[in-house]
Every structure is written in C-alpha cells, then in structure tokens.
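[1] no FASTA, just this:
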C-alpha cells in the first residue's frame with residue numbers, strides 16, 4: 001500500500017511544461033532568426049552568437065529556484081503555528097485541497113478520556129473498580145501509558161479517589177504549578193496502581209491490533225498460582241468471545257444507548273483458569289464478558305468552528321474512525337459535519353459497504369464504479385480498518401478530489417502516504433510522521449485550516465511570478481525576433497553626408513541586438529528581484545486553487561505583447577530619429593547616436609520588465625488594487641536604480657562589437673527621462689489591457705476561467721464564479 005506514489009508533484013509538472021513550451025518556442029524563433037541572418041550575409045559566428053545568447057536569455061532557468069524559495073518561505077511561516085513541512089510541494093497541493101479526511105480521536109476530539117460513573121456489569125459481584133483492575137491487567141500497567149485508552153485506565157483517579165481533593169488543598173501554595181500538580185497526580189496514582197497490582201504477574205501480552213481491536217494478557221496470581229487470560233477492547237469484538245447470546249444482546253443494546261449520547265465503551269472479559277499453561281502456546285479458553293467501562297472523549301472546543309471555516313474554504317471534512325457507528329453519528333451531529341441539507345443526515349458508512357484490498361494487495365480495479373458514489377456522498381465512516389482508510393483516500397483521489405488525510409498511528413501510514421497531502425497530527429508515531437507531508441506539533445484541526453490560508457497565499461504568489469516570468473520571456477524573445485526582421489538600423493540613416501557624419505554612421509549595425517552583458521544584467525537583476533515575491537502581500541482564495549496553464553500563457557502573453565510592441569515602437573522612433581519630420585525631431589529630442597539607442601533600449605526593456613511584475617501580481621485587478629509588500633518595493637526600486645545608473649554611466653565604447661554609450665554622455669541625459677515617462681505610460685496601458693482580457697475571458701468562460709479564478713466581492717471577500 002505504501003508504494004505507487006507519483007514521482008513528480010503537480011507544481012513540478014507545471015514548471016516542466018512551462019519550461020519546455022518556452023524553450024521550444026525560443027529554439028524555433030532563434031533558429032529562424034539564425035537562418036535569416038545567414039541568408040542576409042551575416043557571418044556564421046555573429047549569427048550563431050546572437051541566436052545562442054537570445055536562447056540563454058529566454059529560457060527561464062531560475063523559475064524553479066524562485067518557486068522553491070517561495071515555498072520555503074511559506075514553510076517557515078507554517079512552522080510558526082505548529083505545522084512542520086517535510087515535502088515543500090505539499091504546500092502547493094494544500095492550496096488545491098478540496099477534501100479532508102480526518103481521524104476522530106485526538107484531531108476532532110480532545111483525546112482526553114473522561115471516565116463515566118455508568119459501568120454496566122454482566123457477572124455477579126463485579127464493580128467498576130474490578131473492571132478497572134482487569135482493564136489494567138490487559139495493559140502494561142508497569143510501563144508509561146502508550147495511548148489515550150491506556151492513560152484512561154492506568155491514570156484514572158479511581159485508583160485513589162482523594163487525589164483531586166489533595167491537589168485542591170495544595171493549590172494554595174503558589175509554587176505548586178500546573179506541571180507540579182500533574183507530576184504529583186501521576187506519582188500518587190501510579191503508587192496506588194502498583195500497590196493494587198502487586199499480587200499479579202503478567203506472563204504474556206498481546207498489544208493492540210487495529211484488525212482485532214483488542215489487547216490481551218496472560219496473568220498469574222502470585223498468592224494462589226492461578227493463571228487466566230484477560231482482554232479489553234471494542235464491545236462488539238469482546239462480546240463475540242462470550243458464547244452467552246443473551247449477554248451479547250444486552251451489550252449491543254447498552255452500547256447503542258450510550259452511543260446516542262456520544263459515550264464510548266470499553267469491554268473487559270476474562271477467561272476461566274488455565275491449567276498447565278505453557279508460555280507462547282495457543283491455549284483455547286472460555287471467555288466471560290464481565291462488563292464495560294464507559295468514557296467520554298468530548299470534541300475540542302474549536303473543532304466545530306474550524307470545520308465550518310474549512311467548509312467555508314471549500315474543503316469538506318469527512319471523519320474516518322474505528323469507533324462505533326452511533327458514536328460517529330453523534331460526533332457528526334455535534335460538529336455539524338457533512339451535508340446537513342441531505343435527507344438522512346448524517347450518512348455514516350460502516351465497514352460492510354467499504355472496499356477491501358484484492359489478493360494482490362492492490363485496490364480493486366472497479367473501485368470508483370462500485371464504491372464511488374457510496375463513498376463520495378457519505379458524511380463519515382465508522383468501525384473502519386486500516387486498509388479502509390487507504391481505499392477511501394484512493395477512491396476520493398480517483399474521483400478527482402485533491403485529498404488530505406490526517407492520522408497518528410502506524411496503521412494510518414499507508415493512507416497518509418497515498419493522500420495528496422498526508423498530515424500527521426500532534427503525538428503521531430514515527431511511522432505516521434515518516435509517511436506524512438506535514439507534521440503538526442499542535443493538536444486539533446485549526447492548524448490545518450491556517451495551513452490552507454497560508455498555502456493559498458503562496459499559490460497566488462507563485463501564480464503571479466509565473467505569469468510575470470512568461471510575460472518577461474515572451475517580451476524579450478519576440479522583441480528581438482521581430483527586430484531582426486523588421487529593423488535594419490543602418491538603413492534608417494538619411495543619405496545626407498553631414499547627418500551621417502553627426503550620427504556616426506559607421507557605428508550603425510545591419511540588424512539590432514543588445515550586447516550579451518546587457519541581456520545577462522537584465523536576466524540576473526530580474527531573477528534576483530523576484531526572490532522577494534515570497535514576501536509579497538497576497539489574499540487567500542475562498543475556494544481551492546488549481547493551475548490553469550492556458551490562462552497563465554494568455555495573461556502572460558497579453559502583458560508580454562504590450563511590452564514587446566511598446567519596445568518595438570520606441571526602437572523605431574530611436575533609429576528613425578535622424579530623419580527630418582520624425583517623432584523625435586518634432587518633439588525636440590533630436591537624433592540619437594547608435595550607442596545611445598542601445599542603452600536606451602536596455603533601459604526600456606529593464607524598466608518594463610520590472611513594472612510588469614506589479615501588474616501580474618494583482619491578477620484580474622488593477623495594479624493598485626493590492627498594496628505590495630515593502631520588501632518587494634525595495635527590491636524593485638534597487639533593480640530599477642541599478643538599471644538606470646548602468647544605462648546612464650556605462651562608458652562609451654564597444655561590447656561584443658556593438659557600440660554602447662551611457663545616456664549621461666554626449667548630451668543624451670534627457671533620454672532617460674523620456675524612457676521612464678514612456679515606460680510608465682505603457683505600464684498603465686498594459687495593466688488596463690490585462691484587466692480587459694480578464695473581463696473578456698470571464699464573460700465567455702474562456703479556458704474554464706470561472707472554475708479557477710474567484711472574483712472578489714465589494715467587501716474584499718471572494719465568491720465562486722459559475
């Protein structure tokens with residue numbers, strides 16, 4: 001059951017698709033440009049250098065680094081409220097979680113059993129203390145309790161009823177802290193327990209098995225030498241050991257009565273004396289059911305509100321428990337779990353209608369067809385075995401749900417491993433922790449719901465980054481591809497010798513390109529800045545998130561298209577600036593040297609890239625609809641400052657045989673201001689165009705956008721579309 005997990009997470013698959021798509025596009029366009037340059041007579045070395053550099057600059061090599069960093073920052077945030085992430089991709093999976101299967105004891109309930117006064121007995125001269133004593137014999141009474149039920153028996157106040165009065169008396173002492181009170185309680189109870197059990201010796205012990213749902217001990221009475229067996233466990237299991245049918249009916253009726261009030265029961269039975277007992281032998285015995293200890297495991301104070309909040313986030317909670325069916329129903333009613341508007345609520349399924357593993361240890365091939373509706377429309381599951389948990393999770397996954405599972409025991413490990421997000425609750429065993437993606441250090445479901453909020457914010461940050469990365473790559477790739485075909489700078493110069501001399505005509509290239517170092521600077525500065533997106537403000541969606549690759553490319557392509565064409569327009573105006581009547585001439589800017597053209601376009605591409613991030617981060621809203629985090633603003637400001645300074649003060653000369661000259665030299669200073677004003681104007685146009693594309697897609701539900709994007713209401717909350 002532990003095998004067969006996916007080797008790649010959903011995020012890794014998405015990133016791989018994006019990288020492959022952009023890389024293939026880059027190779028096709030660059031190969032086309034390479035062939036064109038060769039056809040126009042450019043040297044092979046120059047043509048190949050241009051193509052290779054553009055490919056390297058276009059492939060989003062840092063895309064996984066930025067996503068991993070964002071997830072790592074989210075992991076740190078989740079650890080602050082008690083969720084340790086062992087698999088980073090689980091954060092992204094949690095953002096899309098739309099079904100949560102939860103264990104009952106310790107997750108929905110306090111896991112602090114409270115023994116009740118009602119202790120039904122079915123043999124003469126048996127009291128509640130006798131039942132408690134025999135229950136202790138069926139546990140390791142001389143060792144610390146291993147679970148909540150052992151704690152109920154071995155640390156019960158009935159071993160010394162006055163212990164609570166003693167503690168109440170000692171509370172007057174300010175040094176008698178809660179820790180000391182617990183230490184005193186455990187010490188006193190353990191002493192009285194050991195005194196009571198002094199005449200008994202445990203010869204053999206069978207620990208709890210989730211399949212048979214009971215423990216068993218072989219006990220020897222030291223004073224008499226008598227040997228007998230004692231067992232404790234689920235009433236429906238223990239009653240089958242006793243052949244007395246009338247007693248079995250009485251037990252069943254009592255358990256049903258208790259279940260109506262949410263009270264659980266532990267049945268205790270002993271065997272007739274065993275003669276000539278040999279340790280390790282399977283000696284057949286006759287069992288007598290003595291009675292039942294009853295106890296209450298109340299729901300946690302915050303569980304009901306937490307479940308309601310989870311439902312509000314679009315994540316229904318389904319309880320999976322080994323407890324009795326009636327206990328599960330009472331818990332469902334108390335916590336308002338499941339579909340309360342459905343007739344017959346709560347619909348709790350027992351083990352009889354659940355699938356079992358095949359002879360080969362695998363899930364049945366007809367799992368969905370035979371059990372899908374049965375499991376999907378259940379409000380919870382009771383009296384289940386470990387393999388049921390695994391198959392319930394598997395069924396939900398095959399039905400298309402992104403499924404989370406909580407658990408704490410060894411028997412939960414297969415289900416935790418199979419779930420999209422396995423969550424080991426506080427106090428879980430090492431096996432459960434090893435199988436889980438997230439380990440909780442605090443009790444209850446509230447931590448999981450907080451994890452949903454954090455993960456959805458992280459999802460939105462990554463979606464913003466991927467939209468930007470696609471836009472920036474497409475802008476750069478298509479700008480240079482189109483400019484190679486559409487612009488031949490040396491052909492834009494007028495034939496007038498004086499103008500050609502003033503423009504330094506010998507510096508003008510036959511096709512436009514930026515030096516390699518400029519492209520690398522743009523790439524490094526942008527990728528370095530993007531690390532800060534992990535700190536950006538984000539709003540958690542009210543509904544599960546999921547990736548929509550066509551949507552990412554559509555919005556990224558829209559942003560990139562506006563940026564690309566604005567750069568082409570500026571390039572045309574710059575290379576055409578020496579013509580009489582050109583736009584630059586009419587506006588008083590004048591002719592621009594080719595070295596200035598290179599630096600001007602470097603600044604334009606760099607500034608537009610950074611500003612595009614502020615549009616992509618707000619999704620379908622305008623860029624000012626959500627205030628960016630100061631860390632993001634500072635990093636972007638530093639990147640823009642560096643780009644501006646480099647464009648201003650880069651020494652005049654050549655880079656890769658391309659003339660360059662800082663805009664601060666030879667009278668080009670005002671060009672920087674013009675580029676900035678133009679870039680800001682284009683940014684506003686770009687943002688408005690993005691919003692228009694979103695509205696068009698929402699109107700016609702293009703790429704099923706209504707199921708993956710949730711538009712905010714006027715009060716800032718969100719509602720699901722469609």
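    In hand now; what should we look at? Worth saying up front: this structure is predicted, and the values here are computed from it rather than measured.
[2] enumerate every residue touching residue 613.
    Counting by CB atoms under 8 Å, 6 or more residues apart in numbering, residue 613 makes contact with 464, 468, 529, 530, 533, 636. Any C-beta I mention is one placed from the backbone N, CA and C, and that applies to glycine too.
[3] I'd guessed residue 135 sits against residue 270; true?
    No: the pair residue 135 / residue 270 is not scored as a contact, 10.7 Å apart, by CB atoms under 8 Å.
[4] neighbour-wise, which of the two wins?
    More crowded of residue 135 and residue 270, by other CB atoms under 10 Å: residue 135, with 26 against 20.
[5] low-confidence stretches in the stretch 201-350 of the chain?
    Applying pLDDT under 70 to the stretch 201-350 of the chain flags no residue at all.
[6] make it 90
    208-213, 236, 259-262, 275-284, 297-302, 322-324, 339, 341-344 (pLDDT under 90).
[7] ranges for the helices of it?
    Using DSSP state H, counting those that start in this stretch, the helices of the stretch 201-350 of the chain run over residues 235-238, 245-260, 303-312, 325-335.
[8] output the contacts of residue 613 as JSON lines; include the columns neighbour count and pLDDT.
    Formatted as JSON lines, those follow (neighbours: other CB atoms under 10 Å; pLDDT from 0 to 100):
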{"residue": "464", "neighbour count": "22", "pLDDT": "93"}
{"residue": "468", "neighbour count": "26", "pLDDT": "95"}
{"residue": "529", "neighbour count": "22", "pLDDT": "88"}
{"residue": "530", "neighbour count": "27", "pLDDT": "85"}
{"residue": "533", "neighbour count": "27", "pLDDT": "89"}
{"residue": "636", "neighbour count": "21", "pLDDT": "96"}
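[9] residue 537: how many residues sit nearby?
    Residue 537, neighbours per other CB under 10 Å, totals 14.
[10] for it, helix, strand, or coil?
    Three-state call for residue 537 (DSSP: H, G, I helix; E, B strand; the rest coil): coil.
[11] now do the same contact list for it.
    Applying CB under 8 Å, 6+ apart, the residues near residue 537 are 626, 627, 628, 629.
[12] next: residue 37.
    Contacts of residue 37 (CB under 8 Å, 6+ apart): 46, 47, 50, 51, 484, 511.
[13] got the residue ranges for the strands in the stretch 551-700 of the chain?
    653-655, 658-660 (DSSP state E, counting those that start in this stretch).
[14] chain center to the last one, what's the gap?
    Relative to the centre of its chain, strand 658-660 is centred 49 Å away, using CA atoms, centre = their mean, to the nearest Å.
[15] same question for stretch 482-496.
    That offset, for stretch 482-496, works out to 52 Å (CA atoms, centre = their mean).
[16] report the buried residues of it.
    The neighbour-count check on stretch 482-496 (16 or more other CB atoms under 10 Å) flags 482, 483, 484, 487, 488, 489, 492, 493 as buried.
[17] what about the residues you listed, which are in helices?
    Assigned to helices by DSSP state H, the following of the buried residues of stretch 482-496 qualify: 482, 483, 484.
[18] can you add distance to residue 143 and pLDDT and give those residues back as a markdown table?
    Converted to a markdown table, these look like this (distance: CB to CB, whole Å; pLDDT from 0 to 100):
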| residue | distance to residue 143 | pLDDT |
| --- | --- | --- |
| 482 | 77 | 95 |
| 483 | 78 | 94 |
| 484 | 78 | 93 |
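[19] reformat those as JSON lines; add distance to residue 675.
    Converted to JSON lines, these look like this (distance: CB to CB, whole Å):
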{"residue": "482", "distance to residue 675": "19"}
{"residue": "483", "distance to residue 675": "17"}
{"residue": "484", "distance to residue 675": "22"}
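[20] of those residues, just say which sits nearest to residue 706.
    Nearest to residue 706, judged by CB to CB, of these is residue 482 at 34.1 Å.
[21] of the helices of the stretch 201-350 of the chain, which is nearest residue 659?
    Checking the helices of the stretch 201-350 of the chain against residue 659 by CB to CB gives helix 303-312 as the closest, at 61.6 Å.
[22] give me the contacts around that closest one.
    By CB under 8 Å, 6+ apart, the residues outside helix 303-312 that reach it are 100, 108-109, 316-317, 334-337, 444-446, 448-449, 452, 542.
[23] recalculate using a threshold of 7 Å.
    Outside helix 303-312, the residues that touch it by CB atoms under 7 Å, 6 or more residues apart in numbering are 100, 108, 317, 335, 336, 337, 444, 445, 446, 449, 542.
[24] follow-up on the earlier one: ranking the strands of the stretch 551-700 of the chain by burial, who's on top?
    Neighbour counts (mean count of other CB atoms under 10 Å) averaged over each of the strands of the stretch 551-700 of the chain peak at strand 658-660, with a mean of 21.
[25] my guess is residue 412 contacts residue 387, does it?
    No: with contacts counted by CB atoms under 7 Å, residue 412 stays clear of residue 387, the gap being 11.3 Å.
[26] which of those two has more neighbours?
    Using other CB under 10 Å as the criterion, residue 412 and residue 387 rank with residue 412 on top: 28 against 20.
[27] residues in contact with stretch 413-420?
    By CB under 7 Å, 6+ apart, the residues outside stretch 413-420 that reach it are 1-2, 5, 93, 386, 389-390, 393-394, 397, 402-405, 407, 422, 424, 431-432, 435-436.
[28] mind doing that once more with 6 Å?
    Contacts to stretch 413-420, defined as CB atoms under 6 Å, 6 or more residues apart in numbering, come from residues 1-2, 93, 389-390, 393-394, 402-405, 407, 422, 431-432, 435-436.
[29] once you drop chain neighbours, what's closest to residue 368?
    Ranked by CB to CB, 6 or more residues apart in numbering and with sequence neighbours excluded, the top spatial neighbour of residue 368 is residue 398, at 4.9 Å.
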